[in-house]
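Chemist: generate coordinates for the sequence data below:
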Amino acid sequence: MSRQNRQPRERKARGISHVGERHEVVVGPVAHGGHCVARVEVPGAGEDGAAAQRVVFVRHTLPGERVIVEITEGTAGDRFWRGDAVEVLEASAQRVEAPCRFSGPGLCGGCDFQHVKVSHQRALKAGVVKEQLVRLGGLEAENPLVAGLRVEQVSGDKNGLHWRSRTRFAGTIGGGRAMRKHRSRELVEIDECLIEGETVSHTVHGVAFEVAPGGFWQVHPGAPEALVDTVLEFLDPQPGEAVLDLYAGVGLFGRFLAEKVGTEARVVAIEGDETAAKLAKKNMTGLAKIRTAAGLVDHVLRDQFDEPFDLVVLDPPREGAKRKVVERVVDRAPRAVAYVACDPAALARDIALFAEHGYRLEKLRAFDLFPMTHHVECVALLVR
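Modeler: Okay, the predicted model is just below:
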């Protein structure tokens, strides 16, 4: 469901279209993005007209299943295609009937895993995180933090449903609600969304936070406390330590870290959204020596706060912190960095960047904050 209104970029066709073709396949492993990997034989696609294989990213299926896949995107010159499992010939034991009648091929594109037992959804997500950490993060599969990773349930949903506290719908001409199809502008009119939940308060551990209308706040009701508790556990803040809170939002992490380090300690919160930065300062008033700054994190760190910090919290957007921010963080020589990540590929890439500067992954947890979708939240501890 997350960011489902983002539209795919227009791509130029590379030869004959294969959209609409159907192939029988045995499905391979799950991949990052809410699909599984399969391969189809394409007559005449290889050199000298020989048959060749194409990788197809298939939705609505599970590893090991035998299905009929219908190609939804793909031309002769593409490296990979996309498709939907439109008929299941041999089902996985982990398959269930989707609870939502708007879930399935050609229907609402918001959820990826409605056809999967909730407990197994978490196993699939754990597998994706592990694969990204090994392939992009340079970690060994045998590393206990990788091998032992599991995606943890948090409180606030009902068997994976009724958790999303903020949902955006498209409107129909008749005034109804609609969601978009996967990677499409086409609408599917719906009268009920099963992951939609009640609006939640912005209160965490008895502390009320002011948030702008439409401003960022975790959409799963169990998320803020789970993330705050993990960040505090990982960083183990001590009185007097200096804290740098990056991509600070309205000060969720900075507020509780400031409480731990004490009124004489220095806490700096940097946030790209000016309104959120002002609210962060307001939400942390009276705690520690608070300073807030609005602006792009790498630009602010380039020009300001060029002094050592003991602790850093990184909670970047989906694309991750990237090299410039990582380099500016390690230049402050923190003893520990808590990295809160909503994308495992971005997390893995940034872990590799931190490793270049002598920081290793010390702890890792993952949380199921987006049930029924492929999204997963991780918290990593990096230490010198």
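Chemist: give the next helix or strand downstream of the least confident helix or strand in the chain by mean pLDDT.
Modeler: One helix or strand of the chain scores below all others by mean pLDDT, DSSP states H and E: strand 170-171, with a mean of 92. With elements assigned by DSSP states H and E, the helix or strand that comes after strand 170-171 is strand 177-180.
Chemist: name the strands paired with that next one and say parallel or antiparallel.
Modeler: Note on strand 177-180: by DSSP bridges, its sheet partners are strand 170-171 (antiparallel), strand 187-190 (antiparallel).
Chemist: right, and those - which one's nearest Ala321?
Modeler: strand 170-171 (32.0 Å; CB to CB). Every residue, glycine included, has its C-beta placed from N, CA and C.
Chemist: convert the C-alpha atoms of stretch 230-247 to PDB, please.
Modeler: Only the C-alpha atoms of stretch 230-247 are listed here, as PDB (Å, rounded to 0.1, in the frame of the first residue of the first chain):
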ATOM      1  CA  THR A 230      14.500  -0.400  20.100                       C
ATOM      2  CA  VAL A 231      16.500   2.700  19.300                       C
ATOM      3  CA  LEU A 232      16.900   3.400  23.100                       C
ATOM      4  CA  GLU A 233      17.900  -0.200  23.700                       C
ATOM      5  CA  PHE A 234      20.500  -0.200  20.900                       C
ATOM      6  CA  LEU A 235      22.100   3.200  21.700                       C
ATOM      7  CA  ASP A 236      22.000   2.900  25.500                       C
ATOM      8  CA  PRO A 237      22.200   6.700  25.900                       C
ATOM      9  CA  GLN A 238      24.200   7.900  28.900                       C
ATOM     10  CA  PRO A 239      23.800  11.200  30.800                       C
ATOM     11  CA  GLY A 240      25.700  14.000  29.100                       C
ATOM     12  CA  GLU A 241      26.100  12.400  25.700                       C
ATOM     13  CA  ALA A 242      25.600  14.500  22.600                       C
ATOM     14  CA  VAL A 243      22.900  13.300  20.200                       C
ATOM     15  CA  LEU A 244      22.400  14.000  16.500                       C
ATOM     16  CA  ASP A 245      18.900  13.100  15.200                       C
ATOM     17  CA  LEU A 246      18.800  13.000  11.400                       C
ATOM     18  CA  TYR A 247      15.600  13.100   9.300                       C
END
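Chemist: how about residues contacting the longest helix seen in the chain?
Modeler: Criterion DSSP state H: the longest helix present in the chain is helix 118-135. Contacts to helix 118-135, defined as CB atoms under 8 Å, 6 or more residues apart in numbering, come from residues 29-32, 94, 113, 116, 139-141, 146-147, 149-153, 159-160, 344-345, 347-348, 351, 366, 368, 371-372, 374, 376, 378.
Chemist: how many neighbouring residues does Ala170 have?
Modeler: A count of nearby residues for Ala170, using other CB atoms under 10 Å, gives 16.
Chemist: OK, contacts around the residue nearest to the spatial centre of the chain?
Modeler: Nearest to the mean C-alpha position of the chain, by CA atoms, centre = their mean, lies Cys342 at 3.0 Å. Going by CB under 8 Å, 6+ apart, Cys342 touches Ser2, Pro317, Arg318, His375, Val376, Glu377.
Chemist: check which helix or strand the fourth one maps to.
Modeler: Going back to what we said before, that points to His375. Here His375 is assigned to no helix or strand, by DSSP H and E.
Chemist: change the start of the numbering to 29 and stick with it
Modeler: OK, 29 is where the count begins now, so the last one is His403.
Chemist: quick check: the gap between it and Asp371.
Modeler: 8 Å (CB to CB, to the nearest Å).
Chemist: same question, the fifth one
Modeler: Between Val404 and Asp371 the distance, using CB to CB, works out to 9 Å.
Chemist: got phi/psi on Arg50?
Modeler: Dihedral pair for Arg50: phi -120, psi 140, per degrees, to the nearest 10.
Chemist: surely it meets Asp112?
Modeler: No: using CB atoms under 8 Å, Arg50 makes no contact with Asp112, being 10.1 Å away.
Chemist: overlap of the contact sets of those two?
Modeler: Residues within reach of Arg50 and of Asp112 at once, by CB under 8 Å, 6+ apart, are Val97, Glu98.
Chemist: next, Val289: phi, psi?
Modeler: phi -80, psi -20.
Chemist: so who does it touch?
Modeler: Counting by CB under 8 Å, 6+ apart, Val289 has contacts Pro265, Gln266, Pro267, Gly268, Glu269, Ala270, Val271, Val295, Ala316, Leu339.
Chemist: the residues you listed into JSON lines, with extra columns for distance to Lys350 and pLDDT?
Modeler: Shown next, in JSON lines, are the contacts of Val289 (distance: CB to CB, whole Å; pLDDT from 0 to 100):
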{"residue": "Pro265", "distance to Lys350": "26", "pLDDT": "98"}
{"residue": "Gln266", "distance to Lys350": "30", "pLDDT": "98"}
{"residue": "Pro267", "distance to Lys350": "33", "pLDDT": "97"}
{"residue": "Gly268", "distance to Lys350": "31", "pLDDT": "97"}
{"residue": "Glu269", "distance to Lys350": "26", "pLDDT": "98"}
{"residue": "Ala270", "distance to Lys350": "24", "pLDDT": "98"}
{"residue": "Val271", "distance to Lys350": "22", "pLDDT": "98"}
{"residue": "Val295", "distance to Lys350": "24", "pLDDT": "97"}
{"residue": "Ala316", "distance to Lys350": "28", "pLDDT": "82"}
{"residue": "Leu339", "distance to Lys350": "21", "pLDDT": "98"}
